[in-house]
Every structure is written in C-alpha cells, then in structure tokens.
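*Asks:* sequence? don't have it. structure:
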C-alpha cells in the first residue's frame, strides 16, 4: 500500500507515494505546471478560469451529443468516438497530435495484450476447466453453487475479459441450475455482479483501471501496482457474495428454460439421439494379451470385420491421459482405451470384445459429455457436383484423409445406419460426422464437397489447444510476476505474455487478431482527446468547481462520495471505459484542489466506473444475463442500487485507510 503524503516544512503536502525527483518533474501537455505538490489553498490550474466560455461550451455540447448517441447506440460507440475526435480537430480545439495521442497510449496496448492472453486461456481450456470443476463440486446446493460461481468468475475475470468469462459461465450456470432444480434467475445476476467485481481485483481486471493508472502517470505520479486494487476488491467481493445470498430472494426464479430456447443451437447429445448413437458408443480397454497390440488400425480392418469404428483413443502419458485422433497408421498399445462406435447388431459387439480381448469401461457420464472438449459432431449435406457422390464411405477413406468418422447417414429423412459403410453416397445425403473440432472446422473450407448444416453449441466451448494449458498458466504467472515485480514496464510484460502464448502455441496468429475487441480499443482512443479538450478549454476546472460548490467545505471523504456518485451516474449512460476517461482527470484535479493524495480519488473513479450494477444496459456483462435470467429492467434497479450504495460506503470508509489522504 502507498504511504500517506506528509507536510513539508513550508506546509505544502506531498502526494502519497509521489516521488519528487531532484530535477524538475516532467511537464505534460495536460498539466503544464509542475505536478509535484498540491496546494491546500488554491487550485493550481494552467487553463482558463472556471467560468463557462464558448470553446468550453462547444466541447460540452459535443460530449452531450456523444452521450445521446451512446444511449441510442446509433451509430456504434467506436464510430461516435472517432467522429468526435475528427470534430475536435476540425473545430480547432485540438491539434492533430493531441487528437491522435490515444494511439500511442500504453494502456491501449496493455488492454489489447490482455485480450490476447485471455483468449489463450480460453483456447487451452483453462477457463472451461474451471467451469467443469464448478459442476463437479457443486453437488445439489444452490448456496454452494452461488458462492463458488461468484468466486470462479471473479478470479478468472481478474486476468481476462469479464464479458468473456461471463459468456463462458452462462451455459455452465444454466446447466447446473437445471440439474439441481434452481431457477436460472437466481444465478444469472450473481454471475454478472461477480463479473463486474472481477474488474476491481487487479490492475488489468478492466480497462478503466488502466485508464486511471495512465492518468496518474501523465500527471507525473507513480501509477498503481498490479495488486493495489486487490484489498478493496476482495472486500467488495465478500460483500457481494453475502449480499447476493440475501438478495436472491428478490430475484425472479424464471422459467425452466429461458425464452427462445426452442431456437437455441442443438447440443451434442441431441444430435447423438437423433442418429441413435447413445447406445452404440462403447469405451474399451486393450488388455496386455490383446492381438491388437502392435498393429495399426489400417491393418486390423475393424470396420470391415466387425462394424467397429474406432473414433478416438485415450492413452496414458507422463503428464496424464490424452485423447488421440484415429488414422489408418495409428498403432494400438497395451493399456489404450478405445472409443468405439458399433454400427452392427449387439452380437458383433460381444464377438469383437471376446476376440480382441478387450475389457469394457464405463463413461463417467456419457461419451458426448466426457469428450466434448476434444471431439465433436456435426451434420453435413452432400451438395450437387460433390466428388463424394457415387463412392462409399469405406472407399472415401475419410478417417485417413480428412480425420473424420462418419457416424450416421440419412437419405430422404430415413436413417441408414446399419449399411452406411458400403452405401454409395448420393446428392442430398446427410451425414453425421465425428472428429476433432479442428477437423470439423476444416469442413467449412471444402464447400464443394460438404455443406455444414448443424454445429452443436459445445463447439463454442471446445479448446483447440487443450494440451497447451500448462504453458498458458505458466505464461500468465510469468506475466503477472513481471508486472508485480516491476522488473519491466507493464506494457512490455503484457506483450511478452502475448509472444509466449504464441511461442507455446496456445494461440495462433489469426485467433490472436480475432480476440482483439476493436470496438473497445477504438472507443478509448476516440474518447481520450475529450479529456485533453476539457483540460485545455477549462472544462475540468469548471466541473471541479461545480462539484466543490455542491459539497461546500465538506471533508475529502464527502468529496470522494460525490465523485463516486457522479462517476456512477455518468456510467449509466456511457461505457465504463469512456466514463473512466472522462472522470479520471476530474478525480486527480479534485485531489489537487483539496491538497490531498490523488490515489484514493483515482481509485474511487476506477471502482465507481466498474460499479455498473444498476441497469441491464450499463454493462455488456449485465446484458448477457438479461435473457437467460428472464429479468426485467426493474430487477436490476431493485437489486443493483442498494449494492452500489454499499460499494460507495466501502470506497469512502476503506480507500483512505489503504491510500492515506
């Protein structure tokens, strides 16, 4: 924690943890005067007086127009921000280099880097494994589920996009809620609250934290450390869990399935049931005396001899069990567990097991649940002109050449499962294929032969780089360690993390670029010039004077409370990132005016920007749970407003203790 600022012999209070160098401190364009001390008598402002002038009025008018456009969401927020940027230059309010300063802002690069690192955690399955753990440990207790759900979401969200984490956990929570008989409405809002609170736990938890941190650095002060947010965030998280355990009684339980469930994407098990696969797939251990050992699948000819289609092999490796794809040259070893689909009657299963000396092993739940991270199903149709027409599945060698297994065949709506291996394919035939998610995705690149009809919902949860999960965790630990130690600048640590994610093959280049949320990045770039324009025209001075006029001779804690309220209100209408961009300089200027440390004021802005609990449209996290939770607008108001007041009280009571005034 930062120490409090102490008075000098001349009575001027130094900023907490602000380092006063021997030479003159750096001068920033937004703070032309040395920003090394705070006056307790008069606001040291380089800009115009606090009285309204035409240029200031123009900036406020443009800002108001942007807020209206943000509320209407027309055009998109990033387009609005860039339009405002251009307008400020054309009006002569800003120079070109001032307007484009956001493109060189380190916080923008840092946010982009953590989008990539977060995507690496998703692609390697780290995030989804946390969800699997939640499912396995919840049992049948709604209270236990709520607590573990909020802890898991907050923990993951502290190092990756909270919106992405909540999107991952919505189906997990719905699934567990259905299993234990809990209404989805009693879990969805706790889920969104935990996602918002996750941004209060670390420096990189949410973009507003980085925006506020950059504002401190531009003011010539030392920024926040990686875990400076954690003590206050943990208090809010504990308070949030306790609050939701009480407040869930105010939430509608909701229907058993959310509205629109009939139009939802189908799941693996539903596809399997349509093609009668549930009773056909077996899990079999290769005994040490099996005649299969040392032979390849191509040599064994299991499909032709027994109608046994080996679709995957589980093999024990040094670091645990792995799932291998099948091909004609895949050799069978003792101890392998074969996942086999039988397309012939039960007699063939018994004969196959006896002759190949195999031992049947049960699935933990069923094949389509246990292996959905690695293997999937999809429906494809044979289009006119396909080179597959006129050939049988055995002749086409799809497993060897394309890495997929044909599990079912439908023609004219009738299933031909028992004879599918030798049946000549015709135009319009529908195939159910199984394979790795990577192999299934590659079918999209072959539209001349396959038209993909149905992709199950589990494909969104598949981890294409699951085997690289340990490297993803190592990269995350190294990145956080470098940021905590201060050995290198934060942005360099984050960029190094991106490079390591790529070097360890946790993420590929295309996925890295797709993971960037360009709308958020451009929004920051476009809104930063507003803060410069407000400072340059005296708008910051005007707002500070108005805020202090409302609070009168009140204590710094009271001013902090007013700052929190103003930030939270602004956050109702525009994104939390844009709110932080606008309010961070106001928070720092308020501290300067009062002659106190800027750190508790800057932290107040960051926490208030994340406290978007009051409406379903104040954050994408809330919007994500609105439908699944079957909520009304008033549900968020009824539950969110009291909790926002509690967060306000935490800020006023705790922040001056963590960051002494």
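*Replies:* Everything's here; your move. The structure displayed is predicted, hence computed values, not measured ones.
*Asks:* what bits of the stretch 201-350 of the chain have low per-residue confidence?
*Replies:* Counting by pLDDT under 70, the stretch 201-350 of the chain contains low-confidence residues at 253-266, 318-320, 343-348.
*Asks:* any residues touching the helix or strand that contains residue 475, and which ones?
*Replies:* Assigning secondary structure by DSSP states H and E places residue 475 in helix 469-485. For helix 469-485, the external contacting residues (C-beta atoms under 8 Å, 6 or more residues apart in numbering) are 117, 120-121, 123-126, 129, 159, 203-204, 225-227, 319, 463, 465, 488, 490, 493-494, 496-497, 500-501, 504-506. All C-beta atoms are positioned from the backbone trio N, CA, C, and that covers glycine.
*Asks:* Out of the residues you listed, which sit inside helices?
*Replies:* Using DSSP state H, the members of the contacts of helix 469-485 that fall in helices are 117, 120-121, 123, 126, 129, 490, 493-494, 496-497, 500-501.
*Asks:* Now do stretch 238-258: everything it contacts.
*Replies:* Here stretch 238-258 has contacts from 143, 146-147, 150-151, 174, 178, 182-186, 188-190, 193-194, 197, 627-632, 635, 638-639, 642-643, 646-647, 650, using C-beta under 8 Å, 6+ apart.
*Asks:* Show me what the helix or strand hosting residue 653 is packed against.
*Replies:* With secondary structure defined by DSSP H and E, residue 653 is part of helix 633-658. Using 3 or more C-beta pairs under 8 Å, 6 or more residues apart in numbering; DSSP states H and E, the elements in contact with helix 633-658 are helix 185-198, helix 230-247, helix 556-571, helix 599-610.
*Asks:* which residues of the stretch 201-350 of the chain fall in helices?
*Replies:* Secondary structure of the stretch 201-350 of the chain, counting by DSSP state H, counting those that start in this stretch: helices at 207-218, 230-247, 268-274, 297-300, 302-306, 346-355.
*Asks:* Please convert those helices to TSV, extending it with mean neighbour count.
*Replies:* TSV is the format used below for the helices of the stretch 201-350 of the chain (neighbours: other C-beta atoms under 10 Å):
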stretch	mean neighbour count
helix 207-218	26
helix 230-247	18
helix 268-274	19
helix 297-300	17
helix 302-306	16
helix 346-355	13
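*Asks:* As a markdown table, the ones you listed with distance to residue 410 would be great.
*Replies:* Output for those, formatted as a markdown table (distance: least, C-beta to C-beta, whole Å):
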| stretch | distance to residue 410 |
| --- | --- |
| helix 207-218 | 49 |
| helix 230-247 | 47 |
| helix 268-274 | 9 |
| helix 297-300 | 26 |
| helix 302-306 | 19 |
| helix 346-355 | 22 |
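*Asks:* closest to residue 133 out of the ones you listed?
*Replies:* helix 230-247 (17.8 Å; C-beta to C-beta).
*Asks:* Residue 612 looks like it's in a helix, true?
*Replies:* No. Per DSSP: H, G, I helix; E, B strand; the rest coil, residue 612 lies outside any helix segment and is coil.
*Asks:* Looking at the helices of the stretch 201-350 of the chain, which is nearest to residue 452?
*Replies:* That would be helix 268-274 among those, by C-beta to C-beta, at 12.7 Å.
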